[in-house]
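# quick one: sequence and predicted model below, then my questions.
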Amino acid sequence: MNKEIKFELNRLTDYSDEELIREMQRVANLISTERITRQEFDKHSKASFSTISKRFGGWKNALERAGLENRWSRKALKQAGIGTQKLTAQRFTDDELIAELHRVAAMFEGQPLTTETFNLYGRVCAITIARRLGSWNKAMKQAGLEVPNKGKRYTDDEYRENLLQVWTHYGRQPIYGEMNKPPSTIKATAYEKKWGKWRSALSAFVKYANSDSNLSTTASVGEQPVPEVISPHITKPKEIIKEKRSLSIGLRFKILHRDNFRCVLCGASPATHLGCELHVDHILPWSKGGRTVEENLRSLCASCNIGRGNRYTE
């Protein structure tokens, strides 16, 4: 039985405003109650309630910055008419309904706005907007927003690639709620529909990654010499085998996990550095005879990898 691989930092290493807001949004997905209390937040968070409150001038301001103002308090929810108490569509013109779509969509950085998400944060129900403007998709088009593609059928590789991207982004096994926001492009519910349970989807991914091989038994994109090792890194051709230059999902996952989802040169990680993108790089370049095998692969951030080009360095 394959053991699931887990890697997780207990505290944030980057306390920028952006990372604190991202952490608040992550924790909000873990708390089921309407109000996010200090006790519940500190139980799940990698940054303390007091640290965030001081940074943003109070807990209410912090929640507003994170787009979570409806998780402040029951009294505030009722006064604002959101969350626990929806307003009727008769109080809104069509233009105001479209403005409300834009308000909620802005909380999610351009991610397609679903009816489920809108019902959590909108001041009217999604069904009300759908009835007023013809349908949910028509309302989204009228507002100039991206229409959620709920009917899209994903291939198995698309599911795996997406999960690998999210796993790399957090530097650990992702939780259910994290699949519903960037960088994920496939919702957690889609994984549930495919595998029955979120846990089953994770198990299927780990099983596939552990068994996935990068060697091809049929003709591949290119043929590469099997190197004869002269030193730990210098090689020369010995015989020809069929081997892909591109990396399989399983091999990429193995290398990224081995290197703790960090650049081995500068230490950058998507979990701690905003905008960091990790690549799996050939130590001895493919063009110079390097093979696509674990011993010749390492994790590099995009900056280090692009700067290196196809130069070989120890």
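Now that the structure is in, tell me what you want to look at. Numbering: from 1, shown residues only.
# the stretch 101-250 of the chain: helices as residue ranges?
With helices called from DSSP state H, counting those that start in this stretch, the stretch 101-250 of the chain shows them at 115-121, 126-133, 136-142, 156-170, 188-195, 198-211, 249-258.
# which strands and helices sit next to the host helix or strand of Q25?
Assigned by DSSP states H and E, Q25 falls within helix 17-28. Packing partners of helix 17-28 (3 or more CB pairs under 8 Å, 6 or more residues apart in numbering; DSSP states H and E): helix 49-56, helix 59-65. Any C-beta I mention is one placed from the backbone N, CA and C, and that applies to glycine too.
# give the buried residues for it.
Residues of helix 17-28 classed as buried: E19, L20, I21, R22, E23, M24, Q25, R26, V27, A28 (neighbour count, 16 or more other CB atoms under 10 Å).
# over to stretch 295-306?
Going by neighbour count (16+ other CB under 10 Å), the buried part of stretch 295-306 is N296, L297, R298, S299, L300, C301, C304, N305.
# who's in contact with C304?
Contact analysis of C304 by CB atoms under 8 Å, 6 or more residues apart in numbering lists C263, L265, C266, A268.
# out of the buried residues of stretch 295-306, which sit inside helices?
Here DSSP state H is the test, and those give C304, N305 as lying in helices.
# just give me the closest of the buried residues of stretch 295-306 to L164.
Set against L164, the nearest of these by CB to CB is S299 (12.6 Å).
# give me the pLDDT for the spatially closest residue to that closest one that is not a sequence neighbour.
Closest residue in space to S299, ignoring its immediate chain neighbours: D259 at 3.9 Å, by CB to CB, 6 or more residues apart in numbering. Predicted confidence (pLDDT) for D259: 94.
# what do you get for the one 4 residues further on?
The predicted structure scores C263 at 95 on the pLDDT scale.
# just the terminal-to-terminal distance for stretch 168-186.
End-to-end distance of stretch 168-186 (CA to CA, to the nearest Å): 15 Å.
# repeat that for stretch 136-154.
With CA to CA, one end of stretch 136-154 sits 22 Å from the other.
# so that it lines up with my notes, have the first residue be 772 from now on.
All set: I'll call the first residue 772, so the last point we hit is now stretch 907-925.
# domain assignment for the protein?
Split into domains by automatic domain parsing, the chain comes to 788-913, 927-982, 994-1079.
# among those, which is nearest R782?
Nearest to R782 among the domains of the chain is domain 788-913; the distance by CB to CB comes to 5.0 Å.
# give the closest residue to L872 in space, chain neighbours not counted.
Leaving aside its sequence neighbours, L872 sits nearest to A914 (CB to CB, 6+ apart; 4.5 Å).
# how many residues are close by the one you found?
A914 sits with 18 neighbouring residues when counted by other CB atoms under 10 Å.
# that'll do, ta.
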